[in-house]
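Asks: The amino acid sequence is not available; the structure is as follows:
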């Protein structure tokens with residue numbers, strides 16, 4: 001997977017870097033996090049699965065997540081839990097130079113993940129196929145969401161569930177062959193926003209502007225609903241996936257009059 005870097009007007013950047021075991025990758029990711037306070041990492045789950053591991057080793061790796069792992073095994077998602085925990089430990093050790101052995105992946109009341117023992121770091125996870133996307137920020141909140149570019153949302157009638165009234169009008173105004181891709185874009189942006197907020201909401205009750213314009217959270221009629229403390233971006237990853245990212249900058253919020 002190739003890395004992807006998207007500079008923003010205010011100097012911040014979303015950085016998508018393949019999460020591999022190579023030192024060069026982690027050095028670059030650490031530098032970008034220090035400079036821009038946000039970084040996105042993507043990896044294939046198979047690359048983070050231990051070749052051989054017994055129950056005793058799994059208990060050490062998963063810590064307090066052992067019971068959650070047993071639940072996930074019953075749902076056929078045990079391997080994802082193990083790979084994600086291994087990736088997070090490695091990321092903690094390399095990105096923020098924390099001892100991964102001391103960090104626990106925990107979940108809040110709404111299911112939002114966080115790293116116990118590293119509360120100044122905010123994380124978000126999203127999955128599709130065997131791809132895992134990890135968003136990290138050192139300032140505020142982050143949410144990420146990833147979907148396949150070819151996920152068929154438009155022809156299956158999902159626009160009414162996903163779009164606000166304003167978005168439905170905007171969607172109808174673009175070429176039909178572009179509507180599904182834009183619908184996937186809106187879906188990932190709303191998924192990322194919900195992940196950052198940590199609370200459920202009805203997707204059709206908020207909206208985003210057309211692709212190619214500054215992205216702001218909008219009311220159903222299209223008028224702005226949030227200030228510039230929120231930053232949103234969408235980009236394509238490996239010509240297969242569409243990534244949505246939402247970052248809440250607590251410093252900007254504290255500077256508001």
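Replies: That came through, no problem. Not measured: the values here are computed from a predicted model. Numbering: from 1, shown residues only.
Asks: can you give me how far the longest helix along the chain is from the chain middle?
Replies: In the chain, with assignment by DSSP state H, the single longest helix is helix 176-197. Offset of helix 176-197 from its chain centre (CA atoms, centre = their mean, to the nearest Å): 12 Å.
Asks: Which neighbouring elements make contact with it?
Replies: Other helices and strands packing on helix 176-197, by 3 or more CB pairs under 8 Å, 6 or more residues apart in numbering; DSSP states H and E, are strand 122-128, strand 141-148, helix 159-162, helix 165-172, strand 230-237, strand 241-248. C-beta here means a position set from N, CA and C on the backbone, and glycine is covered the same way.
Asks: Need the winner for burial among those.
Replies: Most buried of the helices and strands packed on helix 176-197, by mean neighbour count (mean count of other CB atoms under 10 Å): strand 241-248, with a mean of 26.
Asks: Let me see the contact set for residue 131.
Replies: By CB atoms under 8 Å, 6 or more residues apart in numbering, the contact list for residue 131 reads 42, 43, 44, 45, 146, 241.
Asks: Would you mind listing the buried residues in the longest helix of the chain?
Replies: For helix 176-197, the neighbour count (16 or more other CB atoms under 10 Å) marks 179-196 as buried.
Asks: quick one: that helix to helix 165-172, angle?
Replies: Angle of helix 176-197 versus helix 165-172, following axes from the mean of the first three to the mean of the last three CA atoms, to 10 degrees, is 150 degrees.
Asks: just the angle between helix 176-197 and strand 122-128, please?
Replies: Using the same axes, to 10 degrees: helix 176-197 against strand 122-128 is 140 degrees.
Asks: Tell me what angle helix 176-197 forms with strand 230-237.
Replies: Going by the same axes, to 10 degrees, helix 176-197 makes 130 degrees with strand 230-237.
Asks: between helix 176-197 and strand 241-248, what angle do the directions make?
Replies: Using the same axes, to 10 degrees: helix 176-197 against strand 241-248 is 40 degrees.
Asks: before we move on, which element is residue 115 in?
Replies: strand 113-116 (DSSP states H and E).
Asks: Ignore what I typed, I meant residue 135.
Replies: Here residue 135, judged by DSSP H and E, is contained in strand 131-137.
Asks: ok, now which ones touch residue 129?
Replies: Going by CB under 8 Å, 6+ apart, residue 129 touches residue 148.
Asks: distance of it from residue 150?
Replies: Distance, residue 129 to residue 150, using CB to CB, to the nearest Å: 11 Å.
Asks: any idea which residue sits dead centre in this protein?
Replies: Nearest to the mean C-alpha position of the chain, counting by CA atoms, centre = their mean, stands residue 144 at 1.7 Å.
Asks: That one and residue 121: what is the separation?
Replies: Distance from residue 144 to residue 121, by CB to CB: 14 Å.
Asks: same thing with residue 172?
Replies: 42 Å.
Asks: same deal with residue 237?
Replies: For residue 237, the distance to residue 121 - CB to CB - is 23 Å.
Asks: isn't residue 199 right up against residue 110?
Replies: Yes. Look at residue 199 against residue 110 with CB atoms under 8 Å: they come within range, at 6.1 Å.
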